[in-house]
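Enquirer: Sequence first, predicted coordinates after that:
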Amino acid sequence: IESTMRYSNRKRDVLKNLSLLLLGVSIFFFLINCNQNSKKGLIIDESHNIESVEQIIEIDSVWAGHRVGFCLFTNLDRQYIAYYNANRNMIVGQRNIDETNFSLFQMPAPQRNKNDKEKSKRFSATEVGWDSHNSITMNVDSEGYIHLSGNMHVDSLTYFRSQKPNDITTLKQYFPMVGPNELRATYPKFMMTRENQLIFHYRDGGSGNGNEIYNIYDTDSKIWSRMLDVPLTDGQGLMNAYQSQPELREDGWYHVYWVWRDTPDCSTNHDLSHMKSPDLKNWYNAFDQPISLPATLDQKSLVVDPIPPKGGIINLAAKLCFDRDKKPLFVYHKYDKVGNLQLYIAKISGQKWESNVITDWDYRWSFSGNGSIKNEFTIKSFNRRSDDRFEVGFWHIKYGDGTILLDEELNPIGKVLKSEKLFSRRFNDTSVKVEGDFPGLQVIGAKDIGKNNEPGYRYALKWETLGTNRDKPREKPWPPASSLYLYKIKTYN
């Protein structure tokens, strides 16, 4: 009997200890789960950081029938603008930064140099039609001469250069710029190298069949020449690259990323890709291996994510950031397995790219077709914070504006509450109210693509217009002209 009682006591003790162990394990996992849930629900409130408007200058009345990009370029204490007025004529303007008005000048309207396939009558080189691709851009070279290009969508190259430094009223058209491959130009862009040399690049060809051409300017001879003997990217007659502007980043390299497109249908975008260069002439993949130009789809080491056609990535739907070791990271969108649009993060792991999803949205943006489309999603920013965490800013047609907070391993852990920056979107901006009462008007902003000498301040253009219309004419009635304003904004950074 005594032996039986001792056995029963031991059994009871074992069961008691086992119960305590199981309870401890349950509490442990409960606390871990609570911690994970609290991390996913982490909220950082930065909404008290609010920008303020220091000055507003009314400039002119502008066309409001469809959206098309204007240009603001500040060159230290000198400011230049280019836009289309109420009559759709290209206007340029200038002022010293301490002046309260712009001196405006209407550009001459030379006829276009016709391309081989052009059969119908076009507008002049400085009159905008209905094409939302026909934005304007400019830059200033190291000698102070102003360079302007724009109003092109598979058109002959439209380029002007000032005859005097710092005087936009002396712009004169030059054609050709170099010579070949200038009859089917789109997406003109200027940039300055770290050596202060002016670069101009554009797409030669059409959507689904084009190459990216780079020219370099000599300030002594005032002559443009090819910077590269071959295009930077080449679709080999099967596709074209929608690529970013080469940007000198914190690792000391120029970085370019792009998607390929097979046809004019925007749903045929595919294969997010990337490469880098120390000098814009010699190019490498993300793993520091040299590549030969032009970049093509056959060079698989350049592919960040092999998104298939109709896989849910639109032109330039990505942002580049760097981790603490200055390794590149990408945020971009594509469809998930059930067809909803999600945000993904890609990072380097060894000699390959790895990606993971950071959203769980229940919405599909079904974009397709030709021409300028209606936007339903925008990646606004991708930044590494001072605490080595990351944040991704976005605008979503269903979920609105938001900022996702990521930990050091790029896992979503919460959100950052931010006040909306003025004109943080290129179109359909909600940071200021629409003044006009015509149905469908939206606020459009243009950021300053130059550099001012006033720390703590930035500039932007603001106007109102209807959205895109697939680059086709709208039936009347059209909205009356809207006012174009220059905003001087005090930042909180």
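Expert: Cool, got the structure. Residues are numbered from 1 along each chain as shown.
Enquirer: give me phi/psi at the spatially closest residue to residue 163 that is not a sequence neighbour?
Expert: Once flanking residues are discounted, residue 163 sits nearest to residue 170: 4.0 Å by CB to CB, 6 or more residues apart in numbering. Any C-beta I mention is one placed from the backbone N, CA and C, and that applies to glycine too. In terms of degrees, to the nearest 10, the main-chain angles of residue 170 are phi -100, psi 20.
Enquirer: Let the chain start at 13 from now.
Expert: Fine by me, first position is 13 from now on; the one you just mentioned is residue 182.
Enquirer: Residue 182 touches residue 174, doesn't it?
Expert: Yes: Residue 182 lies in contact with residue 174 (CB atoms under 8 Å); the separation is 4.7 Å.
Enquirer: list the contacts for the residue nearest to residue 175?
Expert: Counting by CB atoms under 8 Å, 6 or more residues apart in numbering, residue 182 touches 174, 175, 176.
Enquirer: Spell out which helix or strand contains the last one, please.
Expert: Which is residue 176. Using DSSP states H and E, residue 176 sits in no helix or strand.
Enquirer: Distance check, it against residue 122.
Expert: 20 Å (CB to CB, to the nearest Å).
Enquirer: And the helices in this structure, which stretches?
Expert: Along the chain, counting by DSSP state H, helices occupy 14-52.
Enquirer: Just give me the residue closest to the centre of it.
Expert: The centroid of the chain falls nearest to residue 328 when counting by CA atoms, centre = their mean (6.2 Å).
Enquirer: where does that residue land on pLDDT?
Expert: The confidence metric pLDDT takes the value 85 at residue 328.
Enquirer: can you check residue 122 too?
Expert: Here the pLDDT value assigned to residue 122 is 87.
Enquirer: what do you get for residue 136?
Expert: Looking at residue 136, its pLDDT is 88.
Enquirer: what's near enough to touch it?
Expert: Contacts of residue 136 by CB under 8 Å, 6+ apart are 121, 122, 123, 124.
Enquirer: Distance check, the residue nearest to the first one when sequence neighbours are not counted against residue 149.
Expert: The one in question is residue 121. Computed as CB to CB, 6+ apart, the closest residue to residue 121 that is not its neighbour in sequence is residue 136, at 3.9 Å. Separation of residue 136 from residue 149 (CB to CB): 18 Å.
Enquirer: neighbours around the closest residue to residue 230 other than its chain neighbours, how many?
Expert: Closest residue to residue 230 apart from its sequence neighbours, by CB to CB, 6+ apart: residue 237 at 7.1 Å. Around residue 237 there are 12 other residues, counting by other CB atoms under 10 Å.
Enquirer: didn't residue 237 look like it was pressed against residue 189?
Expert: No: the criterion here is CB under 8 Å, and residue 237 misses it with residue 189 at 9.5 Å.
Enquirer: Between these two, which contacts overlap?
Expert: residue 227.
Enquirer: And the pLDDT at the closest residue to residue 372 other than its chain neighbours?
Expert: Once flanking residues are discounted, residue 372 sits nearest to residue 354: 7.3 Å by CB to CB, 6+ apart. What the model reports for residue 354 is a pLDDT of 98.
Enquirer: Quick one: residues contacting residue 429.
Expert: 55, 56, 57, 58, 59, 415.
Enquirer: now residue 431
Expert: Residue 431 touches 58, 59, 60, 61, 62, 63, counting by CB under 8 Å, 6+ apart.
Enquirer: redo that, cut-off 7 Å
Expert: 59, 61, 62 (CB atoms under 7 Å, 6 or more residues apart in numbering).
Enquirer: mind putting the residues you listed in a markdown table, neighbour count included?
Expert: Output for the contacts of residue 431, formatted as a markdown table (neighbours: other CB atoms under 10 Å):
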| residue | neighbour count |
| --- | --- |
| 59 | 11 |
| 61 | 13 |
| 62 | 13 |
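Enquirer: Take the residues you listed and keep only those in strands.
Expert: For the contacts of residue 431, not one is inside strands, with DSSP state E as the criterion.
Enquirer: would a markdown table of these with distance to residue 422 and pLDDT be doable?
Expert: Listed next are the contacts of residue 431 as a markdown table, based on distance: CB to CB, whole Å; pLDDT from 0 to 100:
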| residue | distance to residue 422 | pLDDT |
| --- | --- | --- |
| 59 | 24 | 92 |
| 61 | 24 | 90 |
| 62 | 29 | 91 |
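Enquirer: how near is the residue nearest to residue 230 to residue 79?
Expert: 35 Å.
Enquirer: cool, and residue 251?
Expert: Residue 251 sits 26 Å away from residue 79, going by CB to CB.
Enquirer: cool, and residue 151?
Expert: 23 Å.
Enquirer: who has more neighbours, the two?
Expert: residue 151 (23 against 20).
Enquirer: what's the closest non-adjacent residue to the more buried one?
Expert: Leaving aside its chain neighbours, residue 151 sits nearest to residue 202 (3.6 Å; criterion: CB to CB, 6+ apart).
Enquirer: which residues touch that neighbour?
Expert: 149, 150, 151, 159, 210, 211, 212.
Enquirer: just residue 102 next, same as before
Expert: Contacts of residue 102 by CB under 7 Å, 6+ apart are 94, 96, 119, 138, 148, 163.
Enquirer: Show me which of the residues you listed is closest to residue 363.
Expert: The closest of the contacts of residue 102 to residue 363 turns out to be residue 148 (CB to CB; 42.4 Å).
Enquirer: Provide the partner residues of that closest one in its beta bridges.
Expert: residue 162 (DSSP bridges).
Enquirer: hang on, isn't it packed against residue 82?
Expert: Yes: the criterion here is CB atoms under 7 Å, and residue 148 meets it with residue 82 at 6.2 Å.
Enquirer: okay, and the common contacts of those two?
Expert: Taking CB under 7 Å, 6+ apart as the criterion, residue 148 and residue 82 both touch residue 94.
Enquirer: Check whether residue 395 really touches residue 331, as I assumed.
Expert: No: using CB under 7 Å, residue 395 is not in contact with residue 331; the gap is 8.8 Å.
Enquirer: For residue 470, give me its contacts.
Expert: Counted by CB under 7 Å, 6+ apart, residue 470 has contacts 460, 501, 503.
Enquirer: export the residues you listed to a markdown table and tack on distance to residue 90, pLDDT and neighbour count?
Expert: Putting the contacts of residue 470 into a markdown table (distance: CB to CB, whole Å; pLDDT from 0 to 100; neighbours: other CB atoms under 10 Å) gives the following:
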| residue | distance to residue 90 | pLDDT | neighbour count |
| --- | --- | --- | --- |
| 460 | 12 | 97 | 20 |
| 501 | 19 | 96 | 20 |
| 503 | 21 | 91 | 13 |
